[in-house]
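**Student:** below are the sequence and a predicted model for it; my questions follow.
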Amino acid sequence: MPENPRERPLGIFGGTFDPVHFGHLRLAEEATDQLQLAGVRWIPAGRPLLREAPEVTARQRLTMVRLATAGNPSFDVDAGEVDTDGPSYTVLTLERLRQASQFGHQRPLLLLLGADAFAALPNWYRWRSLLELAHIGVAHRPGFPIDAASLPAALATCYRERFCAQPADLREAAAGCIATFAMTPLGISATQIRQLLARGSSPRYLLPDEVIAYIRNQNLYPEY
Ligand code: ATP
């Protein structure tokens, strides 16, 4: 044990969540268990930069995340990016969290990413700074192997240098490690759900019933 054991890391889970689905929920649940997180803070992106404009408003995506996570005391939802007018940069969100008095610079934070998002990390604004602000936890995702040989060179080097095999190590520092975890493989994507809805097929059992009811009620994704 370290002399001053730190708290468990808080997971930070950003995404477009257009809509949120069981792949996201299992990722957060299994990360909490395997990486020994204190909980997961979900942060829906306001205006994501690296993809086309989402089908629905940021507020509607936020509401869907709230509906999906309600009732899980380990999860909470942060509207910070949705409430900000400018583009959603994760590095700025992490800086905001660090400045908030509740976290300061000591509390371990861990940014959660699926393997596809991790492989694209070098496209992110100030991506190297992310590891000064948080650890990164990467979930396996069907079709996206986490393998240094298939990552962009700069990221592969970073991955080799920063890889951390023991969840307990994530409590030893506030930021800087990369951990992976093997979640139940779920080949669910928001794209697939939007396509099902647009052709009038049922998305049932891919996402929570409460979210499906909201989608129906608001008539979201009518023609994707
Ligand atoms: P889209 O199909 O619209 O691109 P998506 O299903 O990938 O959406 P996002 O909101 O873009 O959902 O994803 C948020 C995060 O969740 C990303 O880090 C992504 O890698 C991860 N993720 C999404 N679905 C899965 C899944 N089925 N298994 C593992 N990780 C996932």
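**Tutor:** Looks like it arrived, so ask away. All values reported here derive from a predicted model rather than from experimental measurement.
**Student:** residues contacting residue 185?
**Tutor:** 140, 141, 142 (Cβ atoms under 8 Å, 6 or more residues apart in numbering). (Glycine included, C-beta is placed from N, CA and C.)
**Student:** filter the residues you listed to the buried ones?
**Tutor:** Among those, those buried by neighbour count (16 or more other Cβ atoms under 10 Å) are 140, 141.
**Student:** around the ligand, pick out the residues from this structure.
**Tutor:** 15-18, 23-24, 27, 113-114, 116-117, 139, 141, 186, 188-191 (Cβ under 6 Å from any ligand atom).
**Student:** run the chain-centre distance for stretch 163-171.
**Tutor:** 19 Å (Cα atoms, centre = their mean, to the nearest Å).
**Student:** and stretch 187-205, how far from the chain's centre?
**Tutor:** Using Cα atoms, centre = their mean, the offset of stretch 187-205 from its chain centre is 20 Å.
**Student:** make that stretch 214-221, sorry
**Tutor:** 23 Å.
**Student:** for that stretch, what is the average pLDDT?
**Tutor:** Here stretch 214-221 scores 94 as its mean pLDDT.
**Student:** so which residues of this protein form strands?
**Tutor:** Under the criterion DSSP state E, strands of the chain are mapped to 10-15, 39-44, 75-77, 109-114, 135-139, 178-181.
**Student:** what count of nearby residues applies to the closest residue to residue 78 other than its chain neighbours?
**Tutor:** Nearest non-adjacent residue to residue 78, counting by Cβ to Cβ, 6 or more residues apart in numbering: residue 43, 4.6 Å away. Residue 43 has 27 neighbours, counted by other Cβ atoms under 10 Å.
**Student:** what sits against residue 43?
**Tutor:** 12, 13, 14, 77, 78, 80, 81, 93.
**Student:** excluding its backbone neighbours, what's nearest the residue of the chain found nearest the ligand?
**Tutor:** Nearest residue of the chain to the ligand: residue 114, at 2.0 Å (Cβ to the nearest ligand atom). Leaving aside its sequence neighbours, residue 114 sits nearest to residue 141 (Cβ to Cβ, 6+ apart; 4.4 Å).
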